[in-house]
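> build me a model from this:
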Amino acid sequence: MKRRSLAAVAVLITLVLTSCSPKENVMTPEQARAQTLEILQATIAVSGASDWVLDRDDVPLPQQCEIDGKEGVAFNHGGYAVTEGADPAADAQRVADYWASVGIDARVVSDPVPRVFGGGGPVDAISFSTSPGYTISVGGTCVPGNAFDYYDDTPTPAPSS
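Reported below is the predicted structural model:
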């Protein structure tokens with residue numbers, strides 16, 4: 001009987017300890033940056049447009065944010081298409097469908113032009129517009145980190161004369 005009691009106590013302690021441990025793995029800033037790029041690239045792939053020009057030489061911009069009352073970093077990125085798609089409404093719907101498939105709450109707005117707005121899942125906020133020209137803007141999720149640690153990766157424009 002004593003062995004059963006000890007075994008029961010051991011199981012109970014294990015359950016208590018595992019229930020107190022964090023359930024969710026927190027991404028590193030590098031993983032958050034990669035995720036922002038993945039969402040942008042996949043959105044481009046389904047957009048119906050071609051010849052995309054990405055902001056900042058395809059380097060996501062780090063931004064300060066706060067997560068659980070602590071310092072955090074989020075990565076923002078975007079771009080525009082040189083060649084627009086042939087059917088803006090269908091392209092916007094395809095983008096919304098892709099976003100929904102990866103956990104982004106998406107909503108299509110058709111007036112005055114087809115646009116898609118979203119948030120949640122792997123992004124904080126995201127938008128796709130078909131006019132004037134096709135554009136995408138991604139605001140990545142906030143993760144623990146220091147945005148200033150990633151500014152050296154950001155291209156600095158040449159000074160204008």
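> when you work out contacts or count neighbours from here on, use the C-alpha atoms and nothing else.
Fine.
> each with direction, which strands does the longest strand seen in the chain pair with?
Among the elements of type strand in the chain, defined by DSSP state E, the one spanning the most residues is strand 70-83. Sheet partners assigned to strand 70-83 using DSSP bridges are listed as strand 50-54 (antiparallel), strand 61-67 (antiparallel), strand 135-140 (antiparallel), strand 143-144 (antiparallel).
> now do the contacts for the residue sitting nearest the centre point of the chain.
Using CA atoms, centre = their mean, the residue of the chain that lies closest to the mean C-alpha position is Val123, 3.0 Å off. Listed by CA atoms under 8 Å, 6 or more residues apart in numbering, the contact partners of Val123 are 36, 104, 138-141.
> let's see if you can find the most crowded of those residues.
Gly140 (30 neighbours; other CA atoms under 10 Å).
> that residue bridge partners, please.
Residues in beta-bridge contact with Gly140 (DSSP bridges): Val123.
> enumerate every residue touching it.
Contacts of Gly140 (CA under 8 Å, 6+ apart): 32-33, 35-36, 74-76, 122-125.
> tell me the predicted confidence for it.
On pLDDT, Gly140 comes in at 97.
> for Ala45, see how far away it is.
Using CA to CA, to the nearest Å, Gly140 is found at 18 Å from Ala45.
> can you give me the buried ones in stretch 114-125?
Buried positions in stretch 114-125, judged by neighbour count with 16 or more other CA atoms under 10 Å: 114-120, 122-125.
> which one of those residues is nearest Tyr80?
Closest approach between those and Tyr80, by CA to CA: Arg115, at 13.7 Å.
> the closest one reaches Val108, doesn't it?
Yes: distance between Arg115 and Val108: 5.8 Å, which falls inside the contact criterion (CA atoms under 8 Å).
> okay, and the common contacts of these two?
The contact sets of Arg115 and Val108 overlap at Ala92 (CA under 8 Å, 6+ apart).
> about what we covered before: export the buried residues of stretch 114-125 as CSV, with columns for secondary structure and pLDDT.
Conversion of the buried residues of stretch 114-125 to CSV gives the following (DSSP: H, G, I helix; E, B strand; the rest coil; pLDDT from 0 to 100):
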residue, secondary structure, pLDDT
Pro114, coil, 97
Arg115, strand, 97
Val116, strand, 98
Phe117, strand, 98
Gly118, strand, 98
Gly119, strand, 98
Gly120, strand, 97
Pro122, coil, 96
Val123, strand, 97
Asp124, strand, 97
Ala125, strand, 98
